[in-house]
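Chemist: sequence first, predicted coordinates after that:
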Amino acid sequence: MNFQLKLLAAFTLMTLVFFSCTKDDEPEPEPEVTCPTGFVLDSLGNCVVFDPCDTITCGVNAVCDAGSCECVQGYEQDANGDCNTTWAAKFAIGTTAARDTVYGDNGSFSVNYNMSITEIDSVNLSTTNLSGIGNTNTVEMQLTSSTSLNINDTDATGRVFNGTGTINSNQITLNYTISYNDNTVDTVETVIVL
């Protein structure tokens, strides 16, 4: 019996040693990392600042801002949602009818005439015969948004055109002054039908 007790004691001791060794060799589970608001866990397990534009690719003439693609100045979305339409392109219509209402040093009157509008680039337009002054009269306008523009130009004869304009669906309304070489000034409202 002594032998059996010795064998049982040896077996019990081996079992205790085995379980204590295997238990100590098992790796501790990694603690779960949670990042504060505004941060995300990167592939290395670090909390990094969350950038909503990291996974977004915007097309030509567009940039990502807060997770959304927005057109750069001078462009707007086309029917497909791409920023391929310039602000100026939709107003470069060639020859069109215009009507001026004039108040100023040269009297008060209204006049109907034809003028032309061409695109210089995404935000700049060139007009010919603005205010019915003549086909050699070229005045440039700059679009400041898809619905507004500025006029600040001097034509070839030295007349200074200065003012603003608004764009509503099929019409441009310009409000500006013309300063002439003889120091007279006219205030003009031009309505252009697109």
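Modeler: Right, received. Where do you want to start?
Chemist: quick one: Pro52 and Gly67 touch, right?
Modeler: Yes. Using Cβ atoms under 8 Å, Pro52 makes contact with Gly67 at a distance of 3.3 Å. Every C-beta, even on glycine, is put in place using the N, C-alpha and C of the backbone.
Chemist: would you list every one of the strands in the protein?
Modeler: For the chain, the strands identified by DSSP state E occupy 39-41, 47-49, 62-65, 68-71, 75-76, 85-86, 94-104, 109-119, 124-128, 138-143, 148-154, 160-168, 171-179, 185-193, in order along the chain.
Chemist: enumerate the positions of the third one that are buried.
Modeler: Within strand 62-65, the residues scored as buried using 16 or more other Cβ atoms under 10 Å are 62, 64.
Chemist: got it, and the fourth one?
Modeler: By 16+ other Cβ under 10 Å, the buried positions in strand 68-71 come out as 69, 71.
Chemist: and Thr166, what does it touch?
Modeler: Shown here is Thr166, whose contacts under the criterion Cβ atoms under 8 Å, 6 or more residues apart in numbering are 147-149, 172-173.
Chemist: that should have said Ser110, apologies.
Modeler: If you count contacts by Cβ under 8 Å, 6+ apart, then Ser110 has 99-102 around it.
Chemist: number of residues surrounding the residue nearest to Asn168 when sequence neighbours are not counted?
Modeler: Beyond its immediate neighbours in the sequence, the residue positioned closest to Asn168 (Cβ to Cβ, 6 or more residues apart in numbering) is Thr147, lying 7.4 Å away. Counted by other Cβ atoms under 10 Å, the residues lying close to Thr147 total 13.
Chemist: state the distance from Thr147 to Thr190.
Modeler: Taking Cβ to Cβ, to the nearest Å as the measure, Thr147 falls 17 Å from Thr190.
Chemist: average pLDDT for stretch 113-121?
Modeler: Per-region confidence: stretch 113-121 scores 92 on mean pLDDT.
Chemist: now swap in stretch 82-95 and tell me
Modeler: 83.
Chemist: contacts for it, please.
Modeler: Residues outside stretch 82-95 that contact it (Cβ under 8 Å, 6+ apart): 58-62, 69, 71-72, 74-78, 114-125, 143, 145-146, 167, 172, 194.
Chemist: so Asn175 makes contact with Asn162?
Modeler: No. In this structure, Asn175 is not within contact of Asn162 by Cβ under 8 Å, at 10.3 Å.
Chemist: nearest residue to Gly104 other than its sequence neighbours?
Modeler: Looking at Gly104 with Cβ to Cβ, 6+ apart, the closest residue is Asp186, at 3.4 Å.
Chemist: what's the neighbour count on the one you found?
Modeler: Here the neighbour count serves as a burial measure; for Asp186 (other Cβ under 10 Å) it reads 20.
Chemist: show me what it bridges to in the sheet.
Modeler: Beta-bridge pairing for Asp186 (DSSP bridges): Gly104, Ile178.
Chemist: that one and Tyr176 touch, don't they?
Modeler: No. The pair Asp186 and Tyr176 fails to qualify as a contact (Cβ under 8 Å) at a distance of 9.3 Å.
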